[in-house]
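**Student:** Give me a model of this one.
(one chain, ligands or ions: 1)
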Amino acid sequence: MDTKISLITGVNGFLGRSVAKLCVNLGCRTFGVSRAKSNQTGLPIEYFSFDLSVAEQAEILASKIGSKGKISCLICCAGGIKELQASTRPYEAMLKTNFLSTVYSCESLVPHMRDDASVIIVGSAARYENRLGKISPYNCSKAAVCQYAKELQEKNPSIKVRLMEPGGIISTGAPQKNETHIDTIISDIQKIVED
Ligand SMILES: NC(=O)c1ccc[n+]([C@@H]2O[C@H](COP(=O)([O-])OP(=O)(O)OC[C@H]3O[C@@H](n4cnc5c(N)ncnc54)[C@H](OP(=O)(O)O)[C@@H]3O)[C@@H](O)[C@H]2O)c1
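**Tutor:** Below is the predicted model:
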């Protein structure tokens, strides 16, 4: 059987590196991308440094990976909330980090995927929050991500698009309200990667 190719965006991050560990352990050929120059995961993955909120950079990534084989699973973990505090234009920052990085990853990479491939898009349960204020740009960007996931599925019926919307991700203890344990997310992703 062919070795499956998995690609994880935001691979240097908290969730991305756990997903990369899973994919390596499952025997996938594992590619990862983040903006930082180097692979910070400590894992034997093939690493690329690109800003996926820039369409041209996502296209270069796709051409590099496309020459290596068809992708079985794309897991979009690029995003997050870290840039919200520091930014003077929080809506722009959140739209780039969460929305555009997801859109350009999928638009560039889906043509290089197997017909029966899976795309996992990581949104956030925060988009259901009524709480406004500083976190609102993040929530708005995740609402946009959700809408995009629906469109991606409609435009590409043969691939399986799965939107995950975790609460605050924790790695120790039992989840409280609005929290999700990382083991739950990883076990859901495992089922999709193994499918
Ligand atoms: N952690 C939580 O509690 C939680 C809860 C719900 C949903 N989520 C969602 O889960 C995803 C992962 O969260 P996390 O906690 O792992 O975040 P994180 O630790 O901040 O990691 C995010 C990763 O995404 C990369 N990234 C951001 N923008 C990018 C871009 N334009 N191009 C390429 N890479 C980019 C970052 O790269 P650099 O490091 O190189 O900058 C970093 O490696 C995010 O979408 C987040 O919104 C997280």
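**Student:** Kindly list the longest strand within this structure.
**Tutor:** strand 113-122 (DSSP state E).
**Student:** name the helices or strands packed onto the helix or strand following it?
**Tutor:** The first helix or strand that comes after strand 113-122 along the chain, using DSSP states H and E, is helix 136-155. In terms of contacts (3 or more C-beta pairs under 8 Å, 6 or more residues apart in numbering; DSSP states H and E), helix 136-155 is packed against helix 90-94, helix 101-109, strand 113-122, strand 160-164. In short, each C-beta sits where N, CA and C put it, glycine included.
**Student:** what would these look like in TSV with mean pLDDT and mean neighbour count?
**Tutor:** Listed next are the helices and strands packed on helix 136-155 as TSV, based on pLDDT from 0 to 100; neighbours: other C-beta atoms under 10 Å:
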stretch	mean pLDDT	mean neighbour count
helix 90-94	96	19
helix 101-109	98	24
strand 113-122	96	20
strand 160-164	98	18
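**Student:** Ok, which of those comes nearest R29?
**Tutor:** Judged by C-beta to C-beta, the one of the helices and strands packed on helix 136-155 that comes nearest to R29 is strand 113-122, at 13.1 Å.
**Student:** The closest one near the ligand anywhere?
**Tutor:** Yes - with C-beta under 6 Å from any ligand atom as the measure, strand 113-122 is seen reaching the ligand through V122.
**Student:** what's the distance between the closest residue to L22 other than its chain neighbours and A20?
**Tutor:** Setting aside the residues directly before and after it, L22 is nearest to I186 in space (C-beta to C-beta, 6 or more residues apart in numbering), at 5.4 Å. According to C-beta to C-beta, to the nearest Å, I186 stands 11 Å off from A20.
**Student:** What separation do you get for the nearest residue to V103 once chain neighbours are set aside and the ligand?
**Tutor:** Of all residues not flanking V103 in the chain, Y148 sits nearest, at 5.8 Å (C-beta to C-beta, 6+ apart). Y148 is 13 Å from the ligand, where distance means C-beta to the nearest ligand atom, to the nearest Å.
**Student:** so what's Y148 up against?
**Tutor:** 99, 102-103, 106, 121 (C-beta atoms under 8 Å, 6 or more residues apart in numbering).
**Student:** Tell me the confidence at it?
**Tutor:** We have a pLDDT of 98 for Y148.
**Student:** between I186 and A20, which one's more packed in?
**Tutor:** A20 (30 against 14; other C-beta atoms under 10 Å).
**Student:** Quick check: residues of this protein near the ligand?
**Tutor:** 9-10, 12-16, 33-36, 51-53, 77-80, 82, 97-98, 101, 122, 124, 166, 168-169.
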